[in-house]
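1. no letters, just coordinates:
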């Protein structure tokens, strides 16, 4: 095992450190965030810092860096109050990655990458038609994290689309069956292979598979 | 595609909704969080809400629900100022899952599950010896999320252990090679298979694999 201390991380070259530190959380969720500006300009950004905050009400968090491309996402979701999260599938992860390119403001990442905007009657922000698990989210809270200038956005899930055959009798959604991709560091993409679902853990019973 | 609206999610049975909503973020990071109380009692909890906040300084966030088992984790990391994050490998994911059982306060999850505490000279909280990617973290900030009573803990990574053969020349850590497991919903565990690493995206170039 190789050991790294704070001084080692401080001395890393900037891009090397970015790849290194971004690897350390473990595998990441991978979502395309769809928004539209008040003037109707659609925007699509790739996010790997999306996480569960609560089930009732259904709340989801994401970390936004104001100094990078997703700033259009931030201004759109704050001004319109809505955004979508769209799982990335194996068939279009390369196009999803391309959404991280720094396109001029008047170019939609949908057009640039060939991904297809899709609208629901009940949600104003654009979904990604190629995505098999899509969430419509209502902006709820913004927390500025003074420690490094990043922003925590909390939203409430108000609409969900998913393939019916991926929904289990107990509410578990088989996102592996839906083809959802996971990410590592800044540019690694992976599909998954299920090991097991585990039964609810109890102190007096050994671990059991479902 | 099946559609769910807010009223559908509100009407779900509590456990069904928990499994359903927890599925929606996509794949999750999977870490064991090691702490020790001021009286020396070791504690180990499984967390799937750990995410990158920044690379310089190296900051990592996690969401803690104060009403569930990890409350020992929270009190320990706040009182001692330190905790560890340990990637979960395929060889011990069942033991990691078992750490979510509600053990009495005087029982260490290390003893209960057979996982091995390991200490570094430079960090006071216990690592998991079976883990191949281990982070020593210094508690930095607590944000109470009034929207549902959860807590965002931000820490600074001050020590890292990983297998040298998993570290690329550009700083990318091959966590798939290290055997790191990813999670879905509340009880799904998965290994991964790499699709590709993608080159830095530019507006005037098509997506390219590294």
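-> Noted; the coordinates are in hand. Not measured: the values here are computed from a predicted model.

2. what's next to the helix or strand where residue A:35 lies, contact-wise?
-> Residue A:35 is located in strand A:31-36, with elements delineated by DSSP states H and E. If you take Cβ atoms under 8 Å, 6 or more residues apart in numbering or on different chains as the criterion, strand A:31-36 is touched by A:42-48, A:50, A:62, A:70, A:72-73, A:76-77, A:80, A:82-88, A:96, A:99, A:115, A:117, A:124-128, A:131, B:25-26. Quick note: C-beta positions are derived from backbone N, CA and C, even for glycine.

3. next SSE downstream of that strand?
-> Following strand A:31-36 in sequence order, the next helix or strand is strand A:42-47 (DSSP H and E).

4. strand partners of that following strand, parallel vs antiparallel please.
-> For strand A:42-47, the paired strands and their directions (DSSP bridges) read strand A:31-36 (antiparallel).

5. now do the strand it pairs with, average pLDDT.
-> Across strand A:31-36, the average pLDDT comes to 98.

6. ok, now stretch A:166-181?
-> 98.

7. what of stretch A:63-70?
-> According to the model, stretch A:63-70 has a mean pLDDT of 79.

8. check whether it contacts chain B.
-> Yes: shown here: stretch A:63-70 in contact with chain B (Cβ under 8 Å from any Cβ of the partner chain) through residue A:63.

9. same question, stretch A:173-180
-> Yes: applying Cβ under 8 Å from any Cβ, one finds stretch A:173-180 in contact with chain B at A:173-176, A:180.

10. spit out the contact partners of residue A:210.
-> For residue A:210, the contacting residues are A:196-199, B:187, by Cβ under 8 Å, 6+ apart.

11. same list (these) but as TSV, adding pLDDT and neighbour count.
-> What follows is those, written out as TSV (pLDDT from 0 to 100; neighbours: other Cβ atoms under 10 Å in any protein chain shown):
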residue	pLDDT	neighbour count
A:196	98	16
A:197	98	19
A:198	98	21
A:199	98	13
B:187	98	20
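
12. among these, which ones are in strands?
-> With strands taken from DSSP state E, the overlap with the contacts of residue A:210 comprises A:196-197.

13. pull the most distant pair out of the contacts of residue A:210.
-> Largest separation among these by Cβ to Cβ: A:196 and A:199, giving 9.6 Å.

14. what's the overlap in contacts for those two?
-> Shared contacts of residue A:196 and residue A:199 (Cβ under 8 Å, 6+ apart): A:209-210.

15. what segments of chain A are helices?
-> Along chain A, counting by DSSP state H, helices occupy A:6-11, A:14-23, A:71-80, A:93-98, A:109-113.

16. can you report how many residues neighbour residue A:169?
-> Close neighbours of residue A:169, defined as other Cβ atoms under 10 Å in any protein chain shown, add up to 6.

17. what helices and strands are in contact with the one helix or strand in chain A whose mean pLDDT sits lowest?
-> Ranked by mean pLDDT, DSSP states H and E, the weakest helix or strand in chain A is helix A:71-80, scoring a mean of 93. Judged by 3 or more Cβ pairs under 8 Å, 6 or more residues apart in numbering or on different chains; DSSP states H and E, helix A:71-80 is in contact with strand A:31-36, strand A:42-47, strand A:58-64, strand A:82-87, strand A:123-128, strand A:134-145, strand A:150-162.

18. so for chain A, the centremost residue is which one?
-> residue A:31 (3.1 Å; Cα atoms, centre = their mean).

19. how about that residue, nearest residue that isn't a chain neighbour?
-> Sequence neighbours aside, residue A:85 is the residue nearest to residue A:31 in space, at 4.4 Å (criterion: Cβ to Cβ, 6 or more residues apart in numbering or on different chains).

20. I'd say that neighbour and residue A:138 touch.
-> No: Residue A:85 lies out of contact with residue A:138 (Cβ atoms under 8 Å); the separation is 11.9 Å.

21. re the thing from before, beta-bridge partners for the residue nearest to the centre of chain A, please?
-> With DSSP bridges as the rule, residue A:31 is bridged to residue A:47, residue A:87.

22. likewise residue A:60?
-> Beta-bridge partners recorded for residue A:60 (DSSP bridges): residue A:52, residue A:155.

23. so it makes contact with residue A:152?
-> No: Residue A:60 is not in contact with residue A:152 according to Cβ under 8 Å; the separation is 11.1 Å.

24. setting aside sequence neighbours, what's the nearest residue to residue A:123?
-> Distance criterion Cβ to Cβ, 6+ apart; nearest residue to residue A:123, sequence neighbours excluded, is residue A:136 at 3.8 Å.

25. next one: residue A:168
-> Using Cβ to Cβ, 6+ apart, the closest residue to residue A:168 is residue A:174 (6.6 Å).

26. do the same with residue A:29
-> What sits nearest to residue A:29 in space, not counting adjacent residues and going by Cβ to Cβ, 6+ apart, is residue B:26, at 3.4 Å.

27. the one you found touches residue A:180, doesn't it?
-> Yes: in this structure residue B:26 lies within contact range of residue A:180 using Cβ under 8 Å: 5.6 Å.

28. more neighbours, the two?
-> When residue B:26 and residue A:180 are compared for neighbours, residue B:26 comes out ahead with 29 against 26, by other Cβ under 10 Å.

29. run a quick neighbour tally on residue A:184.
-> Counted with other Cβ under 10 Å, residues neighbouring residue A:184 total 28.

30. the closest residue to it other than its chain neighbours: neighbour count?
-> If the residues on either side of it in the chain are set aside, residue A:184 comes closest to residue B:175, at 5.4 Å by Cβ to Cβ, 6+ apart. A count of nearby residues for residue B:175, using other Cβ under 10 Å, gives 26.
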